[in-house]
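[1] What would the 3D arrangement of this be:
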Amino acid sequence: MTAAETRWSAFLDKVGRRVSELEAEARAGLEGLVESEVLDPAPLSSALSELKARFHGLTRKVDDAWHDTIEPMVEDAPEAERDALWLQGEALCRRVEAAFVGLEREAQANHAKALHRLALVEAGVEPACASCGAPLPGRLRPRAVNVTCAHCQAVTTVRPGLATAMFFGGGALHALAVFGASEAFDALAEAERRFGRLAHPTDDDVATYRAALEAAWVAWATEKARWTPGTKPDAIASEAAVKVAQATSTLARDARRRAVRTRALALAHHGDLTALVAFMRADGANAGFSVDDLLECAAEHQATGALEVALRAASIEAEGDDEAGFIDEKRAEVLQTVRRRR
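    Numbers count the residues shown, from 1 in each chain. Below is the predicted model of the structure:
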């Protein structure tokens, strides 16, 4: 191992051990806090904010160590070596983020479950008719309802207890639904990370991202329905569709350019150089999508064959004498540009 690899590995191991220690400490503390402060969400919120800052501090240490110490040590190393070391650091940062997200989901779900237990106790207490004092049916009521007394026919407004109101009116249902759909939301987070790094997403990228969104929010709505008896399947689908629409509302603005880059990448992938050049001069120019954009698009999608065809198209547009030299220089330039977006 090189000096940089040895130093980086030792540092990452140290941070990794601290992550595990912090997870154990936090889980125990959060469990005790949830049990003692069921009807007051403020202490849990404050504890999670402080915990988030501590985990963020660990990722900041990794970033600082890379930029201040390791990157200068590997400045002249092969690109593959630098990338491998950087990916190790990124993997640890993602682990740190996942650790906090897991703790946050678990704590908020445990708080919601504690509220639900108190709500069931409240539901077991029979309210009394405001007119004759006769008992009215006791059950879990998410909101205030008017109940007609079976004895005197008087109407009494029955209001939910504090825990019941907090459970149905706050973020408890959302917390339980997210926790129950954790796997789907983890997959969505990965899809968002990949999609967010694309400067030139295609229609296929949007379709993949949308599929992850739909899977997560359908799972969320299904889990939420488990805690709200009587929820119909149509309501589940409708609520999930609203969430997906909210998340994808801005994608429509880029639809035209996305269709152009999708077609251009397909032409490059199939090696149709003549059609590609003609398409870029017409449709590409009209959509503000240049050959340089196509090069970056192919590079960030790791479409090696399409990149080589796009490089030939760029050479034709440049009208230079040294085609091989131009292509080599352009290839190195675009690959470096895409790498720097990490």
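[2] What ranges in the stretch 51-200 of the chain fall below the confidence cut-off?
    Within the stretch 51-200 of the chain, no stretch has pLDDT under 70.
[3] Now do the strands in it.
    Using DSSP state E, counting those that start in this stretch, the strands found in the stretch 51-200 of the chain span residues 145-148, 155-158.
[4] Buried deepest among these, which one?
    With neighbours defined as mean count of other Cβ atoms under 10 Å, the strands of the stretch 51-200 of the chain peak in mean count at strand 155-158, which reaches a mean of 15. For every residue, glycine as well, the C-beta is placed using N, CA and C.
[5] Centre of the chain to it, how far?
    44 Å (Cα atoms, centre = their mean, to the nearest Å).
[6] So what touches it?
    With contacts defined as Cβ atoms under 8 Å, 6 or more residues apart in numbering, strand 155-158 is touched by 127-131, 136, 141, 144-149.
[7] the longest helix in the protein is where?
    If you go by DSSP state H, the chain has its longest helix at helix 79-123.
[8] counting contacts, what elements does that one pack onto?
    On a contact count with 3 or more Cβ pairs under 8 Å, 6 or more residues apart in numbering; DSSP states H and E, helix 79-123 meets helix 3-36, helix 42-65, helix 162-169, helix 172-180, helix 182-196.
[9] So which of the ones you listed is nearest residue 83?
    Nearest to residue 83 among these is helix 3-36 (12.9 Å), distances taken as Cβ to Cβ.
[10] before we move on, the earlier item: looking at the helices and strands packed on helix 79-123, which is buried most?
    Among the helices and strands packed on helix 79-123, ranked by average contacts under mean count of other Cβ under 10 Å, first place goes to helix 172-180 (a mean of 22).
[11] Run through the neighbouring helices and strands of that one.
    In terms of contacts (3+ Cβ pairs under 8 Å, 6+ apart), helix 172-180 is packed against helix 79-123, helix 203-226.
[12] Could you dump those helices into CSV and include mean neighbour count?
    Converted to CSV, the helices and strands packed on helix 172-180 look like this (neighbours: other Cβ atoms under 10 Å):
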stretch, mean neighbour count
helix 79-123, 18
helix 203-226, 19
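[13] Make TSV from these and add distance to residue 237 to it.
    Shown next, in TSV, are these (distance: least, Cβ to Cβ, whole Å):
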stretch	distance to residue 237
helix 79-123	23
helix 203-226	7
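[14] And the ones you listed: which comes nearest residue 14?
    Proximity to residue 14, assessed across these by Cβ to Cβ, is greatest for helix 79-123 (10.5 Å).
[15] got the angle between that closest one and helix 162-169?
    For helix 79-123 against helix 162-169, the angle by axes from the mean of the first three to the mean of the last three Cα atoms, to 10 degrees is 140 degrees.
[16] closest one to residue 5 among the helices and strands packed on helix 172-180?
    Closest among these, using Cβ to Cβ: helix 79-123, at 6.7 Å.
[17] just to revisit the earlier point, measure how the longest helix of the chain sits relative to helix 182-196, angle-wise.
    Using the same axes, to 10 degrees: helix 79-123 against helix 182-196 is 140 degrees.
[18] Check the offset of helix 79-123 from the chain's centre.
    In terms of Cα atoms, centre = their mean, the centre of helix 79-123 is set 12 Å apart from its chain centre.
[19] between that helix and helix 42-65, how big is the angle?
    Put simply, helix 79-123 runs at 180 degrees to helix 42-65, going by the same axes, to 10 degrees.
[20] picking up where we left off before, just so I know, which of the strands of the stretch 51-200 of the chain lies nearest residue 284?
    For the strands of the stretch 51-200 of the chain, proximity to residue 284 was assessed by Cβ to Cβ; strand 145-148 is nearest, at 61.4 Å.
[21] Adjacent strands (with direction) for that closest one?
    Here strand 145-148 has these sheet partners by DSSP bridges: strand 155-158 (antiparallel).
[22] for residue 145, what are its contacts?
    Shown in contact with residue 145 (Cβ under 8 Å, 6+ apart): 157-158.
[23] can you check the one 5 residues further on too?
    For residue 150, the contacting residues are residue 134, taking Cβ under 8 Å, 6+ apart as the criterion.
[24] same thing with residue 307?
    In this structure, residue 307 makes contact with 268, 295, 298-299, 331, 334, judged by Cβ under 8 Å, 6+ apart.
[25] most neighbours, which of those residues?
    Counting neighbours by other Cβ atoms under 10 Å, residue 268 leads those with 28 neighbours.
[26] my hunch is that that residue is in a helix, does that hold up?
    Yes: counting by DSSP: H, G, I helix; E, B strand; the rest coil, one finds residue 268 located in a helix.
[27] shouldn't it be in contact with residue 306?
    Yes: using Cβ atoms under 8 Å, residue 268 makes contact with residue 306 at a distance of 3.8 Å.
[28] where do the contact lists of the two overlap?
    Contact criterion Cβ under 8 Å, 6+ apart; residues shared by residue 268 and residue 306: residue 298.
[29] Need phi/psi at residue 161.
    phi -70, psi 170 (degrees, to the nearest 10).
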